[in-house]
Structures are given as C-alpha cells and as structure tokens.
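Asks: predicted structure and sequence below. I'll ask about it afterward.
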Amino acid sequence: MNQFTRFALIAGLGAMTAACGSNGLLNRDRPDEFAVQRQAPLVVPPDFNLVPPKPGAPRPAEGSAAAQTLEALFGGPQARSSVETSVLERAGAADPGIRSAVGDPATATIAKGSVTRDIVAAPEGDGANAVAVIPG
C-alpha cells in the first residue's frame, strides 16, 4: 500500500469513529418519548351552535395520561357483586370514611390493659441498668 492509501484509510476510520461520539454540534435536546400522549380524535358535534373556547382552558374531552391509563387498565369503578357484598357484611366491613376518623383526637380508643399502661407510664431511663429476662 502506498502512503496515500494509508492516509485515506486512517482518515476514513477516524471520521467514522468520531461520528460515534457526541459533541456540541450534533448533541441536541430531543423530546421525551414517554411524555407524549395521544390527542383525542376530532368529533363533529350534532349542533353547530358552538361557543369558541376560552384561552387557556383545558380541553373538555381529554384527561391526563395517567387518568387514561387507569381507565384503560381498570375500567373505572365497578359495582360490587352480591357475593362480595355479603362477605363484607359478614366480616364487619369498616365504614368508608374510617381512614379520616382514625387520627381524629375525638376518636375513642380501646383500653389495652394494665401492662400497656405500665409501659407507657414507666420513667425514662438511660438503659444502663436494663436486664432481659427469658422466662422458662
């Protein structure tokens, strides 16, 4: 091989290798393909007495991508079957708003007994004299 062929081969390999990297010229901000959502299809309404939309108002026929995903996966709220209703009645199902009433200061609590009261009322110590007793 002559010297020109070697130089052309090295220059060509260098150019191909340089194309694999990224620099300021070819590095550009690309859109996030996971943030793209489909647009609702256009629908012609039955009457043509349309009011123009207000600027900045959300589109009425669309929801967020997360809401559309949940709707596609679970299909929205479903009525309980008679078997499920009877099982919940027999098990003594809690009220639907129980989670909001649990942390309420007016909620009555159950007395746990004298052992729990003794543990809660015990004086605070540094733990230097702590002894573990294994029964039996």
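Replies: Thanks, I have the structure now. Numbering: from 1, shown residues only.

Asks: quick one: the helix with the most length in the chain to chain centroid distance?
Replies: The longest helix of the chain (DSSP state H) is helix 3-20. Distance of helix 3-20 from the chain centroid (C-alpha atoms, centre = their mean, to the nearest Å) equals 50 Å.

Asks: so what touches the following helix or strand past it?
Replies: Per DSSP states H and E, the first helix or strand lying C-terminal to helix 3-20 is helix 65-74. Helix 65-74 has contacts (C-beta atoms under 8 Å, 6 or more residues apart in numbering) with Q37, G63. Heads up, the C-betas are built off the backbone N, CA and C, glycines and all.

Asks: pLDDT (mean, whole number) over helix 65-74?
Replies: Helix 65-74 shows a mean pLDDT of 77.

Asks: export that helix as CSV, just CAs?
Replies: The C-alpha coordinates for helix 65-74 follow below in CSV (Å, rounded to 0.1, in the frame of the first residue of the first chain):
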residue,chain,number,x,y,z
ALA,A,65,-52.2,10.3,30.5
ALA,A,66,-52.4,8.8,34.0
ALA,A,67,-56.2,9.0,34.1
GLN,A,68,-56.4,7.5,30.7
THR,A,69,-54.1,4.7,31.7
LEU,A,70,-56.1,3.9,34.9
GLU,A,71,-59.3,3.9,32.9
ALA,A,72,-57.8,1.6,30.3
LEU,A,73,-56.5,-0.8,33.0
PHE,A,74,-59.3,-0.9,35.5
